[in-house]
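In: Next come a sequence and a model predicted from it.
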Amino acid sequence: MLEKIAKQYASDFKVEIEQRFDSTEDGKVANAIELVTDQMIKNKMEISTLLTVHEISADLRKEFEQILFSTCLAFLKQQNSSTSIALEYLAELYAANSMTSIQWVLKNGKDANIILLLDQMQEYIFNQLKSDLYTS
């Protein structure tokens with residue numbers, strides 16, 4: 001039962017994240033996590049609890065992180081950038097920041113200052129694709 005519930009949340013999360021990335025304009029994906037988190041707040045007690053369960057067949061946090069990483073990496077690869085920073089590294093930063101934000105909001109509620117900081121951090125990550133500072 002636990003595995004089934006975790007898989008359903010992971011599936012819903014994947015659809016939502018992919019839609020957010022697909023609907024971005026000019027690489028503006030920074031606010032995707034805020035929009036996704038807004039949806040998660042409806043089931044915050046259940047999702048928060050599932051994020052603390054780390055069973056091999058039902059690890060929602062690991063599933064979410066993998067979805068964030070792979071979706072972001074695919075997006076970064078589509079941007080055809082020439083950054084010297086490994087795209088995998090940028091995708092891991094995005095996933096880590098996003099998970100921290102998701103867990104914070106589920107535990108503490110939305111905070112405009114934290115959302116602004118997350119957006120700025122995510123924008124910084126994606127702006128590395130355009131920056132001459134890091135190109136080879």
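Out: Perfect, thanks for sending it. No experiment lies behind these values; they were computed from the predicted model shown. Residues are numbered from 1 along each chain as shown.
In: and the one helix or strand Phe126 maps to, what other elements does it pack with?
Out: In the assignment (DSSP states H and E), Phe126 maps to helix 112-127. Secondary structure elements in contact with helix 112-127, counted by 3 or more Cβ pairs under 8 Å, 6 or more residues apart in numbering; DSSP states H and E, are helix 32-40, helix 87-108. Any C-beta I mention is one placed from the backbone N, CA and C, and that applies to glycine too.
In: just checking, what packs against the longest one?
Out: Going back to what we said before, that points to helix 87-108. helix 32-40, helix 44-50, helix 60-78, helix 112-127.
In: same question, the first one
Out: Secondary structure elements in contact with helix 32-40, counted by 3+ Cβ pairs under 8 Å, 6+ apart, are helix 2-22, helix 87-108, helix 112-127.
In: Buried deepest among those helices, which one?
Out: Of all the helices and strands packed on helix 32-40, helix 87-108 has the most neighbours on average by mean count of other Cβ atoms under 10 Å, namely a mean of 18.
In: From the chain's centroid, how far away is it?
Out: How far helix 87-108 lies from its chain's middle: 5 Å, per Cα atoms, centre = their mean, to the nearest Å.
In: For it, what does the pLDDT average out to?
Out: Mean pLDDT, helix 87-108: 89.
In: which residues are in contact with it?
Out: Helix 87-108 is contacted from outside by 33-34, 36-37, 40-41, 44, 47-48, 51, 61, 64-65, 68-70, 72-73, 76-77, 81, 83, 111, 114-115, 118, 121-122, 125-126, 128-129, using Cβ atoms under 8 Å, 6 or more residues apart in numbering.
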